[in-house]
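Chemist: fold the following and give me the result.
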Amino acid sequence: MRSHILPLVLVTALGATSVAYASETTTAMIKSFDMKAHTLTLEDGTIYMLPGVFKDPGLKIGEKVSVLWNKKSGAGSSNEERDAVSVTIVK
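Modeler: Sure thing, here's the model as predicted:
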């Protein structure tokens with residue numbers, strides 16, 4: 001029985017890694033920013049979900065920012081959610 005547990009644990013662990021996030025960085029101008037909804041929309045219309053503990057560094061519409069984000073696709077969904085890790089004003 002014990003010899004069957006280790007392969008099961010390994011297969012489960014390897015399967016969980018396939019759900020890993022791919023971090024990317026995007027730099028663009030802000031189209032809209034909503035702290036209540038925790039969303040940031042860039043000029044190309046892409047929406048980023050801000051973390052609940054996000055501290056606004058003074059973002060303004062039309063300002064250039066760099067967004068470090070993680071992409072995750074829901075199972076069975078064609079929608080792609082982008083979770084912002086950090087937002088930095090580009091000077």
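
Chemist: element containing Met29?
Modeler: strand 22-34 (DSSP states H and E).

Chemist: within the sheet, what are the partner strands of that strand, with directions?
Modeler: Within its sheet, and counting by DSSP bridges, strand 22-34 is paired with strand 39-42 (antiparallel), strand 64-73 (antiparallel).

Chemist: reformat these as CSV; add mean neighbour count.
Modeler: (Each C-beta comes from the backbone N, C-alpha and C, glycine too.) What follows is the strands paired with strand 22-34, written out as CSV (neighbours: other CB atoms under 10 Å):
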stretch, mean neighbour count
strand 39-42, 18
strand 64-73, 16
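
Chemist: want to throw these into a markdown table with distance to Asp56 and mean pLDDT?
Modeler: Output for those, formatted as a markdown table (distance: least, CB to CB, whole Å; pLDDT from 0 to 100):
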| stretch | distance to Asp56 | mean pLDDT |
| --- | --- | --- |
| strand 39-42 | 10 | 96 |
| strand 64-73 | 12 | 89 |
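
Chemist: TSV for those, including distance to Ser86?
Modeler: Formatted as TSV, these follow (distance: least, CB to CB, whole Å):
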stretch	distance to Ser86
strand 39-42	11
strand 64-73	5
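
Chemist: wait, which of these is closest to Lys55?
Modeler: Closest approach to Lys55 among the strands paired with strand 22-34 (CB to CB): strand 39-42, 13.2 Å.

Chemist: contacts for that closest one, please.
Modeler: Applying CB atoms under 8 Å, 6 or more residues apart in numbering, the contact partners of strand 39-42 are 26, 28-34, 47-50, 59, 65, 67, 84, 87.

Chemist: for the chain, give me the ranges with low pLDDT.
Modeler: The chain contains residues with pLDDT under 70 at 1-22, 73-79.
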